[in-house]
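> Output the structure for:
(chains A and B)
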Amino acid sequence: DTGVSQNPRHKITKRGQNVTFRCDPISEHNRLYWYRQTLGQGPEFLTYFQNEAQLEKSRLLSDRFSAERPKGSFSTLEIQRTEQGDSAMYLCASQATYEQYFGPGTRLTVT
Amino acid sequence: AQSVSQHNHHVILSEAASLELGCNYSYGGTVNLFWYVQYPGQHLQLLLKYFSGDPLVKGIKGFEAEFIKSKFSFNLRKPSVQWSDTAEYFCAVIITGGQGGKLIFGQGTELSVKP
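So this is what the prediction gives:
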């Protein structure tokens, strides 16, 4: 059982740079979710995919954010022109029924 | 908007003490309810879940939770905590019948257990 994996685990970037994160879900899980977690808060929903289709995006997901899930397997989350307010832990979860399994997250620090 | 509220931000207990963490949600329809735990340096793990049926659900590591529909609550309990229960605990709901099945989390409760 390989679980959900995320890469990189940590990313430090300068304001204005673009960053991309990758999530590899548990195989055969057709739903994939992205969440963002800031210090002292619970995770907040960003977007989700059913296979390769992106079915919902939170209003938290500004135009600088884009997510893809080509072929319904791994997913990428890209942030363009990063801002300091983007600093957070970005979590990925995959789901087969109603139970979501979380990855270790990517911690983004924007300096 | 739907929301989840956890009453305590930080709880400090001694080993063998009993634990109850409060969770309330604001939604009048059908929900699925979850408690997740995050041990230091680890990722979120499911402790227990409620979908339907017996409102008292048992999870891993001796935890249980009771769904009280009239109070919109899903409190987490453990009769006797151990030092290894030190972690952050998150209550979450899914609005059933809605789009997607996204989890709506509370802000979390940090539990510190003193040996």
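> what about the strands in the chain?
All of this refers to chain A. Ranges of strands in chain A, per DSSP state E, are A:5-7, A:10-13, A:19-24, A:31-37, A:44-50, A:53-57, A:65-68, A:75-79, A:88-95, A:100-102, A:106-110.
> other chain: chain B
In chain B, the strands defined using DSSP E lie at B:3-6, B:10-14, B:19-21, B:23-26, B:31-38, B:45-50, B:56-58, B:64-68, B:73-78, B:87-95, B:104-105, B:109-114.
> Out of these, which gets nearest to A:Glu99?
Counting by CB to CB, A:Glu99 lies closest to strand B:45-50 out of the strands of chain B; the figure is 6.2 Å. To be clear about C-beta, it is placed using only N, CA and C from the backbone, and glycine gets the same treatment.
> so what does that closest one touch, helix or strand wise?
Applying 3 or more CB pairs under 8 Å, 6 or more residues apart in numbering or on different chains; DSSP states H and E, one finds that strand B:45-50 contacts strand A:100-102, strand B:31-38, strand B:56-58, strand B:64-68, strand B:73-78.
> want to throw those strands into TSV with mean neighbour count?
Output for the helices and strands packed on strand B:45-50, formatted as TSV (neighbours: other CB atoms under 10 Å in any protein chain shown):
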stretch	mean neighbour count
strand A:100-102	23
strand B:31-38	22
strand B:56-58	13
strand B:64-68	18
strand B:73-78	21
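> would you turn those into JSON lines with mean pLDDT?
Shown next, in JSON lines, are the helices and strands packed on strand B:45-50 (pLDDT from 0 to 100):
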{"stretch": "strand A:100-102", "mean pLDDT": "94"}
{"stretch": "strand B:31-38", "mean pLDDT": "94"}
{"stretch": "strand B:56-58", "mean pLDDT": "97"}
{"stretch": "strand B:64-68", "mean pLDDT": "96"}
{"stretch": "strand B:73-78", "mean pLDDT": "97"}
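> Include distance to A:Asn7 when you put these into TSV, please.
Formatted as TSV, the helices and strands packed on strand B:45-50 follow (distance: least, CB to CB, whole Å):
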stretch	distance to A:Asn7
strand A:100-102	15
strand B:31-38	20
strand B:56-58	34
strand B:64-68	34
strand B:73-78	32
